[in-house]
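[1] Sequence first, predicted coordinates after that:
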Amino acid sequence: MAGFEIRSDEHLTRSQLWSTQLKSLLLDDLQAQQFVRILDIPSDAGSSTFNIPSMGEAEVSDFVEGGRVTYNRFDTGNYTFTPDKYKYSANSVSEKFKRDSFYANEVISAFLPRQHRALMVDVETRILAVANSGQTASGLNAINGGNHRWVGSGTNEIISLKDFALAQFSLKKANVPLTGLCAIVDPSVIYTLQTQANLVNLMTPNPKWGPMVSNVTPTGMKFEMNIYGFDVYSSNYLPACGTSHNGTGIETVNGLSTGAGICNYLFHAAKDDTSPWVGAFLQMPTVYSEFNKDTQETEYVTFIEYGFQGDFRPENLVTILTDTDQVS
């Protein structure tokens, strides 16, 4: 029995250490990606549903002597959000492999960063997907006279400089701060921008607003250029558009249609209550490991529970649909 107790204690200690490392890695990446407003869960919370009050604006009124003051309610509505994703990443290593492989230790030590990357890809994919589903497909999603969803104005449904100007106009009409502007686009959009001669002189090679997204995040999102005040980042995990958000890549907005369309996002990314995304973690990454005597394998599994919603601030999100098959 003593041998089993030592093995159990060893796995318990390692699991606690790995959980701490993974939590630190995940938090660092989310802090770098400042466009998500992460909600804190009170320790005594009895429910995983968040109720966020919508605050109105202060108004100035004329006072008439002898009259009464009219008080306007400051809480104008209620936004409800429930985290809904419970995920895990699991791997195992056999005892025979440990005995026979010269690189056994390297393989075992690799599981933590590999599971970290898998979790981060899942988190980033979810963040970008809920932004698309937070808007009305096949509609302009107009707010205060500015459109927030359209097909790229370039030839064959590609992006153009006009689209960046229109996005800035729409955000300005929606009273969104024009500092910390960020664009997350597909690599095909980067190709389009880099090969348009009239855009080269307007590109700035350095971020205007600082490192909104770390260039060393495991998902591969990286800064590319600045155009019209937007720090432009590329990502391979943007969702395909489609009627009713069905992901077919085929969507028609205001008479223009995509055939292999992807959603590209432009928004104000400063970390405050204007963030278009809201999210929460009910369980930070937690690692468990144990030896399975029946299969003669050491098993490693990481659990995480989280959720994101993309319609928290619809006025602070512009989606430009572009075709990805125009790279040649």
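    Looks like it arrived, so ask away.

[2] C-alpha only now, for contacts and for neighbours.
    Will do.

[3] okay, now the closest residue in space to residue 49 that isn't next to it in sequence: neighbour count?
    Closest residue to residue 49 apart from its sequence neighbours, by CA to CA, 6 or more residues apart in numbering: residue 82 at 4.5 Å. Other residues within reach of residue 82, judged by other CA atoms under 10 Å, total 17.

[4] now swap in residue 40 and tell me
    For residue 40, the count of nearby residues is 11 (other CA under 10 Å).

[5] Once you drop chain neighbours, what's closest to it?
    Nearest non-adjacent residue to residue 40, counting by CA to CA, 6+ apart: residue 280, 6.8 Å away.

[6] that's a strand at that neighbour, yeah?
    Yes: counting by DSSP: H, G, I helix; E, B strand; the rest coil, residue 280 is located in a strand.

[7] Could you report the separation of the residue nearest the centre of the chain from residue 109?
    Central residue of the chain (CA atoms, centre = their mean): residue 127, 3.2 Å from the mean position. Distance from residue 127 to residue 109, counting by CA to CA, to the nearest Å: 29 Å.

[8] pLDDT weak spots in the stretch 51-200 of the chain?
    Low-confidence segments of the stretch 51-200 of the chain, defined by pLDDT under 70: 54-56, 76, 197-200.

[9] ok, back up a step: which residues sit in contact with the residue nearest to residue 49?
    Neighbouring residues of residue 82 by CA atoms under 8 Å, 6 or more residues apart in numbering: 48-50, 307.

[10] Looking at those, spot the one nearest residue 261.
    residue 307 (25.6 Å; CA to CA).

[11] what is the closest one paired to in the beta sheet?
    For residue 307, the beta-bridge partners are residue 280 (DSSP bridges).

[12] Please report the number of neighbouring residues for it.
    If we define neighbours as other CA under 10 Å, then residue 307 has 20 of them.

[13] so it touches residue 281, yeah?
    Yes: judged on CA atoms under 8 Å, residue 307 makes contact with residue 281 at a distance of 6.7 Å.

[14] Overlap in contacts, the two.
    With CA under 8 Å, 6+ apart as the test, residue 307 and residue 281 both reach residue 83.

[15] For the stretch 151-300 of the chain, just list every one of the strands.
    181-185, 222-227, 230-234, 251-253, 256-258, 261-268, 277-292, 297-309 (DSSP state E, counting those that start in this stretch).

[16] Please export the C-alpha coordinates of the longest one as CSV.
    It refers to strand 277-292. Extracted C-alpha coordinates of strand 277-292, given in CSV (Å, rounded to 0.1, in the frame of the first residue of the first chain):
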residue,chain,number,x,y,z
TRP,A,277,-17.5,40.7,-25.7
VAL,A,278,-18.3,39.6,-22.2
GLY,A,279,-17.1,36.4,-20.7
ALA,A,280,-16.5,34.5,-17.5
PHE,A,281,-14.7,31.4,-16.2
LEU,A,282,-16.6,29.2,-13.8
GLN,A,283,-13.6,26.9,-13.5
MET,A,284,-10.1,27.9,-14.5
PRO,A,285,-7.9,25.2,-16.0
THR,A,286,-7.5,22.4,-13.5
VAL,A,287,-5.2,19.5,-14.2
TYR,A,288,-5.6,15.9,-12.9
SER,A,289,-3.2,13.0,-13.4
GLU,A,290,-3.3,9.4,-12.2
PHE,A,291,-1.9,6.0,-13.0
ASN,A,292,-4.4,3.5,-14.4
